[in-house]
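Engineer: only geometry, no sequence info:
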């Protein structure tokens, strides 16, 4: 597993980053001065015999003699006082402390806590594409040594297999329904232009029919109705005249009476028929003029209006109906494709329900966070039979025991002193006598919790036996080393920035350039030489 150089979201490793200023400066002059001071100091010795003699004398002294002795002693001390000696001692106490500059070893190092971790760790998380029920059937034990291809976890698959079978059975019917829908759409696509054309033509014919009815049919129908009345009136008038003539004629001729009666009756019948026909024609004509013709005219107009509505509807809905049919067909195709994809995803998920080791290593429950297994207890509960796993949750990490690397965190104040490639001495907690070599491999400048920064040190393959991921260690990183450094106490350096200086023993100000510093001493790179004496106050 490759760790990012960015901010880790897990719990930050508690880091103790203590700057060890190993300043090996030999203060020989200070030691000699102390020895000389001790040599000059008067030493008052009291022997055993003197002590024994003093005791009886003290016991025999009377109060008066004691008072006299005390007064005599005070007078003697007053007479023996040396003014020159008192002045020298006062001057010595007031004189500032000094430091003699001498070349010596000066080095800086930092000691930090680290955790061994595998350089190759593969996190295993179930990420099903369609299936959501992740029920555990069996799993390996935490810390099991596994080989590539070994089964790590088995999950329940019966319901998943049932759903796969249902999709497989439903697919032929869905394919047939899609084929029918495609044929229906093709027919609609072909008929839509014809229906639009028919609607336009029907509207045009209705317009023409109305115009023809108003200009030709209706006027002719009215004229014909009037002519029918006139014709019926003429027929009645003709039959009536004929009847009148017959009666006149038969009144003067010699025909028999029976024949006359027959002819007259026929003529009378014709007159009566003409009367009735005229009455009927007049009624029909009146009906046609007042009702039939207006209705026919209205029907023609209504038919035209209906054809216009049909045409507008066809123009607006037929293309949209075709578009909707096209969209429905596309949706049906997508549905079939989605069903196929779902079936494929479920088959893929079925294969993933048996988790196998991607490579040789040790199976750890959960995920490592900066070398620590913080989720193991929670994942272990879920990996029991009938346990439920969450998608995308790291359940097992297969860890190679070698090669190892060390993950640690450094304080912000140490970042300027670290560089990729720096070496470090490693002391495993499990084997304090072992001293291993490591090299700074990566350094992140994205802060972790506690404002520390991630660092990874690489190590040689299998550096020591019985060393496993998760164990801890101490790293000592050599930041700086100068075997012949000129140093002074930090308090001796005055000023800030580039304006640095020291005060010599003769109270003269000497500009200096400084190098590295630890908690006690500061390296002087220019401005002083061996033997110079500087004031430290």
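Structural biologist: Ah, there it is. All values reported here derive from a predicted model rather than from experimental measurement.
Engineer: Please look at residue 156 and residue 135 and confirm they touch.
Structural biologist: Yes: at 4.1 Å, residue 156 and residue 135 qualify as touching, with contact defined as CB atoms under 8 Å. (Glycine included, C-beta is placed from N, CA and C.)
Engineer: Count the residues that sit near the residue lying closest to residue 217 once chain neighbours are set aside.
Structural biologist: Counting by CB to CB, 6 or more residues apart in numbering, residue 296 is the residue found nearest to residue 217 once chain neighbours are left out, at 7.8 Å. Residue 296: 15 surrounding residues under other CB atoms under 10 Å.
Engineer: for residue 296, what are its contacts?
Structural biologist: Each residue near residue 296 by CB atoms under 8 Å, 6 or more residues apart in numbering is listed here: 213, 217-218, 221.
Engineer: Note down every partner strand of the helix or strand hosting residue 355 and its orientation.
Structural biologist: Assessed by DSSP states H and E, residue 355 sits inside strand 354-356. With DSSP bridges as the criterion, the sheet partners recorded for strand 354-356 are strand 151-155 (antiparallel).
Engineer: What's the first helix or strand after the partner strand?
Structural biologist: That would be, after strand 151-155 and using DSSP H and E, helix 158-212.
Engineer: avg pLDDT for that next one?
Structural biologist: Averaged across helix 158-212, the pLDDT comes to 96.
Engineer: for it, packing partners?
Structural biologist: helix 293-352 (3 or more CB pairs under 8 Å, 6 or more residues apart in numbering; DSSP states H and E).
Engineer: Check residue 72 and give its pLDDT.
Structural biologist: 44.
Engineer: What of residue 370?
Structural biologist: 78.
Engineer: For it, give me phi and psi.
Structural biologist: phi 50, psi 50 (degrees, to the nearest 10).
Engineer: Is it correct that it is in contact with residue 405?
Structural biologist: No: Residue 370 is beyond contact range of residue 405, at 11.9 Å (criterion: CB under 8 Å).
Engineer: Can you work out which residues contact both of these two?
Structural biologist: Joint contacts of residue 370 and residue 405 (CB under 8 Å, 6+ apart) are residue 117.
Engineer: The two: which has the busier surroundings?
Structural biologist: Per other CB under 10 Å, whichever of residue 370 and residue 405 has more neighbours is residue 405, with 22 against 18.
Engineer: ok, the more buried one - contacts?
Structural biologist: Contacts of residue 405 (CB under 8 Å, 6+ apart): 116-119, 441, 456-459.
Engineer: Doesn't it belong to a strand?
Structural biologist: Yes: assigned with DSSP: H, G, I helix; E, B strand; the rest coil, residue 405 falls within a strand.
Engineer: Setting aside sequence neighbours, what's the nearest residue to it?
Structural biologist: residue 119 (4.9 Å).
Engineer: Kindly report the same for residue 115.
Structural biologist: In space, residue 115 is closest to residue 371, 3.3 Å off (CB to CB, 6+ apart).
Engineer: cool, residue 408 as well?
Structural biologist: In space, residue 408 is closest to residue 114, 3.8 Å off (CB to CB, 6+ apart).
Engineer: how many neighbours does the one you found have?
Structural biologist: By other CB under 10 Å, the residues close to residue 114 number 27.
Engineer: which SSE is it in?
Structural biologist: Assessed by DSSP H and E, residue 114 sits inside strand 103-118.
Engineer: cool, residue 442 as well?
Structural biologist: Using DSSP H and E, the element containing residue 442 is strand 436-447.
Engineer: helices or strands up against the helix or strand following that strand?
Structural biologist: Going down the chain from strand 436-447, the next helix or strand is strand 452-459, by DSSP H and E. Judged by 3+ CB pairs under 8 Å, 6+ apart, the packing partners of strand 452-459 are strand 404-411, strand 423-428, strand 436-447.
Engineer: Adding mean pLDDT and distance to residue 477, write those out as CSV.
Structural biologist: Formatted as CSV, the helices and strands packed on strand 452-459 follow (pLDDT from 0 to 100; distance: least, CB to CB, whole Å):
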stretch, mean pLDDT, distance to residue 477
strand 404-411, 90, 9
strand 423-428, 92, 5
strand 436-447, 92, 8
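Engineer: Indicate which one of the ones you listed is closest to residue 263.
Structural biologist: strand 436-447 (135.9 Å; CB to CB).
Engineer: got the contact list for that closest one?
Structural biologist: Strand 436-447 is contacted by residues 5-7, 405-406, 410, 412, 415, 418-428, 453-460, 463-464, 475, 477 when judged by CB under 8 Å, 6+ apart.
Engineer: between it and strand 404-411, how big is the angle?
Structural biologist: On the basis of axes from the mean of the first three to the mean of the last three CA atoms, to 10 degrees, strand 436-447 is oriented at 50 degrees to strand 404-411.
Engineer: in strand 436-447, what's buried?
Structural biologist: 436, 438, 440, 443-444 (16 or more other CB atoms under 10 Å).
Engineer: same question, stretch 296-307
Structural biologist: Within stretch 296-307, the residues that qualify as buried by neighbour count (16+ other CB under 10 Å) are 297, 300, 303-304, 307.
Engineer: gap between it and the chain center?
Structural biologist: Taking CA atoms, centre = their mean, to the nearest Å, one finds the center of stretch 296-307 at 68 Å from the center of the full chain.
Engineer: Do I have it right that the residue nearest to residue 408 meets residue 472?
Structural biologist: Yes: Residue 114 is in contact with residue 472 according to CB under 8 Å; the separation is 6.8 Å.
Engineer: May I see the PyMOL selection of the buried members of the contacts of residue 405?
Structural biologist: Per 16+ other CB under 10 Å, the buried members of the contacts of residue 405 correspond to this PyMOL selection:
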select buried, resi 116+117+118+119+456+457+459
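Engineer: any idea which of the contacts of residue 405 is closest to residue 468?
Structural biologist: Closest to residue 468, out of all of the contacts of residue 405 and judged by CB to CB, is residue 116, at 7.0 Å.
Engineer: check contacts around the closest one.
Structural biologist: Per CB under 8 Å, 6+ apart, neighbours of residue 116: 371, 404-406, 428, 467-473.
Engineer: Make TSV out of the residues you listed and add distance to residue 324.
Structural biologist: What follows is the contacts of residue 116, written out as TSV (distance: CB to CB, whole Å):
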residue	distance to residue 324
371	61
404	66
405	63
406	67
428	74
467	71
468	67
469	62
470	64
471	69
472	69
473	71
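Engineer: Of these, just the buried ones, PyMOL syntax please.
Structural biologist: Buried members of the contacts of residue 116, defined by 16+ other CB under 10 Å, are picked up in PyMOL with:
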select buried, resi 371+404+405+406+428+467+469+471+472+473
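Engineer: can you tell me which of the contacts of residue 116 lies nearest to residue 397?
Structural biologist: Of the contacts of residue 116, the one sitting nearest to residue 397 (CB to CB) turns out to be residue 469, at 9.5 Å.
Engineer: and that closest one, that's in a helix?
Structural biologist: No: Residue 469 sits outside any helix when classified using three-state DSSP, being coil.
Engineer: My guess is it contacts residue 117. True?
Structural biologist: Yes: counting by CB under 8 Å, residue 469 touches residue 117, with 5.0 Å between them.
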